[in-house]
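> below: sequence and its predicted model.
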Amino acid sequence: MKKVIKIVLIIVIVAVLLIVGGFSALLAIANHHNKNYWKYATPSGEIEKKYTAMGELEVSYTEFKAKTDTYGKYEIWYPTEMKDSDTKYPLVIMANGTGVRASKYQEVFKHLASWGFIVVGNEDDSSLSGASSAETLDFMLAQNDDTSSEFYGKIDVDNIGIAGHSQGGLGAVNAVTNQENGNRYKAMWIASATSPYWGQDSAFGAAWRVDMSKIGIPCFMVAGAGPNDAGTATDITQTEGQGICPLWGLTESYNAIPDGTPKVMARLIGKDHGDMLRYADGYMTAWFMYYLKGDEYAGGAFFGGNAEISTNANWQDTQSSK
């Protein structure tokens, strides 16, 4: 009997070790894929392919303690050549999703920096109000004016963008429309921003509402066509099946942006809420290349009679203002 029990225990222990080992292996694979997402992406259009790849510039990183513990630290990725260059680089501020601090998606910052941007985030778990983005922008502008800073005179202050994912999408909108330095931004990109449904008093409440009609800079809005973003509800009145960023909500937000403001919306096929930071990155990069660096080739992805995104097999429900 003791021998049987011993054998059973050995079998159980081996099974547990196999399960734990298998889980660890899967986690390691997922982490590897996330950190090297551009290698595993499947861009379709030529412009999307170009800007999904890493840029040619080597990237460096530095960080500074933030003004408040809530924001933790300012995390900065920038082209290594900046230190010995007279070039001024466009700046992009990133607004975090719920609980998704900048340190959790460093590879996205690195990718954008490799294309010639200074990219900055923080550790704020709740970026909704836009306050942490505003604080981060003020810090970087102060660095640009500080003769003792390695960023002194390195920021192209006329070409500043902001990007945000999920809650950070709303945070980016609030940073532009409700914060004192919101007029410093030239272009914005928001991914899977929480829909108007969640801003109702019966859901998350007024803090989760934004006024898209106040946006006056070029705005590119994306979401995933997967179930978490899309849900099954088709309008704000339905209490069941509401996704995080469904088509009806994306369209409503897009339509609320004034017609005179350049705007684009699209949904990524086969991807869901958590994928949008990384797998929409090619066109995010192209958007900022066009508006912050004047790259006309990149702009061909979005505007004109042959806009690439409108015929790209990876994307659906595309709308563009011009």
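Arrived safely. Residues are numbered from 1 along each chain as shown.

> all contacts plus neighbour counts: C-alpha atoms, from now on.
Will do.

> for the protein, just list every one of the helices.
For the chain, the helices defined by DSSP state H cover 2-35, 37-40, 46-52, 106-113, 131-145, 167-177, 227-230, 247-256, 276-279, 281-293, 296-299, 308-311.

> return the most buried member of those.
Of these, the one with the most neighbours on average (mean count of other CA atoms under 10 Å) is helix 167-177, at a mean of 29.

> I'd like to know which elements it is packed against.
strand 89-95, helix 131-145, strand 155-165, strand 187-191 (3 or more CA pairs under 8 Å, 6 or more residues apart in numbering; DSSP states H and E).

> got the contact list for that helix?
Helix 167-177 has contacts (CA atoms under 8 Å, 6 or more residues apart in numbering) with 94-98, 126-131, 133-134, 162-164, 181-183, 185, 188-194, 208-212, 214-215.

> show me which of those are buried.
For those, a burial check counting by 16 or more other CA atoms under 10 Å picks out 94-97, 126-131, 133-134, 162-164, 182, 185, 188-194, 208-210, 212, 215.

> the nearest residue to Phe303 once chain neighbours are set aside and Ser253: what is the separation?
Of all residues beyond its chain neighbours, the one nearest Phe303 is Lys322 (5.7 Å), with distances taken as CA to CA, 6 or more residues apart in numbering. To Ser253, Lys322 is 17 Å away according to CA to CA, to the nearest Å.

> before we move on, what about Gly45?
Distance from Gly45 to Ser253, by CA to CA: 26 Å.

> likewise for Phe204?
18 Å.

> again, but for Asn228
Asn228 is 18 Å from Ser253, by CA to CA.

> do Ser85 as well
From Ser85 to Ser253 the distance is 41 Å (CA to CA).

> please apply the same query to Ile93.
Look at Ile93 and Ser253: by CA to CA, they are 22 Å apart.

> OK, contacts around Asp125?
Applying CA under 8 Å, 6+ apart, the residues contacting Asp125 are 70-71, 96-101.

> torsion angles phi and psi at the residue nearest to Tyr279 when sequence neighbours are not counted?
Nearest residue to Tyr279, sequence neighbours excluded (CA to CA, 6+ apart): Ala41, at 6.4 Å. Backbone torsions of Ala41, given as degrees, to the nearest 10, read phi -70, psi 160.

> break this structure into its domains for me.
Domain segmentation of the chain under automatic domain parsing yields 1-35, 45-320.

> sorry, back to before: save the helices of the chain as CSV, and put in mean pLDDT too.
Formatted as CSV, the helices of the chain follow (pLDDT from 0 to 100):
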stretch, mean pLDDT
helix 2-35, 49
helix 37-40, 75
helix 46-52, 95
helix 106-113, 93
helix 131-145, 96
helix 167-177, 96
helix 227-230, 94
helix 247-256, 96
helix 276-279, 88
helix 281-293, 96
helix 296-299, 96
helix 308-311, 95
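
> for Gln200, find the nearest of the ones you listed.
Closest of the helices of the chain to Gln200 is helix 247-256, at 12.8 Å (criterion: CA to CA).

> now for the closest one, which elements pack on it?
Going by 3+ CA pairs under 8 Å, 6+ apart, helix 247-256 lies up against strand 219-224, strand 263-268.

> apply 10 Å and report the result again.
The elements that helix 247-256 packs onto, with contact taken as 3 or more CA pairs under 10 Å, 6 or more residues apart in numbering; DSSP states H and E, are strand 219-224, helix 227-230, strand 263-268, strand 315-320.

> any idea of the angle that helix forms with strand 219-224?
Helix 247-256 and strand 219-224 are oriented at 180 degrees to each other (axes from the mean of the first three to the mean of the last three CA atoms, to 10 degrees).

> mind saving the C-alpha coords of helix 247-256 as PDB?
Taking Å, rounded to 0.1, in the frame of the first residue of the first chain, the C-alpha atoms of helix 247-256 are listed here in PDB:
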ATOM      1  CA  LEU A 247     -17.700  49.800 -33.600                       C
ATOM      2  CA  TRP A 248     -20.700  51.900 -32.600                       C
ATOM      3  CA  GLY A 249     -18.700  53.700 -30.000                       C
ATOM      4  CA  LEU A 250     -15.600  54.200 -32.200                       C
ATOM      5  CA  THR A 251     -17.900  55.600 -34.900                       C
ATOM      6  CA  GLU A 252     -19.700  57.900 -32.500                       C
ATOM      7  CA  SER A 253     -16.400  59.300 -31.200                       C
ATOM      8  CA  TYR A 254     -15.100  59.700 -34.700                       C
ATOM      9  CA  ASN A 255     -18.200  61.600 -35.900                       C
ATOM     10  CA  ALA A 256     -18.000  63.900 -32.800                       C
END
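
> tilt between it and strand 263-268?
Using the same axes, to 10 degrees: helix 247-256 against strand 263-268 is 170 degrees.

> what's the angle from helix 247-256 to strand 187-191?
Going by the same axes, to 10 degrees, helix 247-256 makes 170 degrees with strand 187-191.
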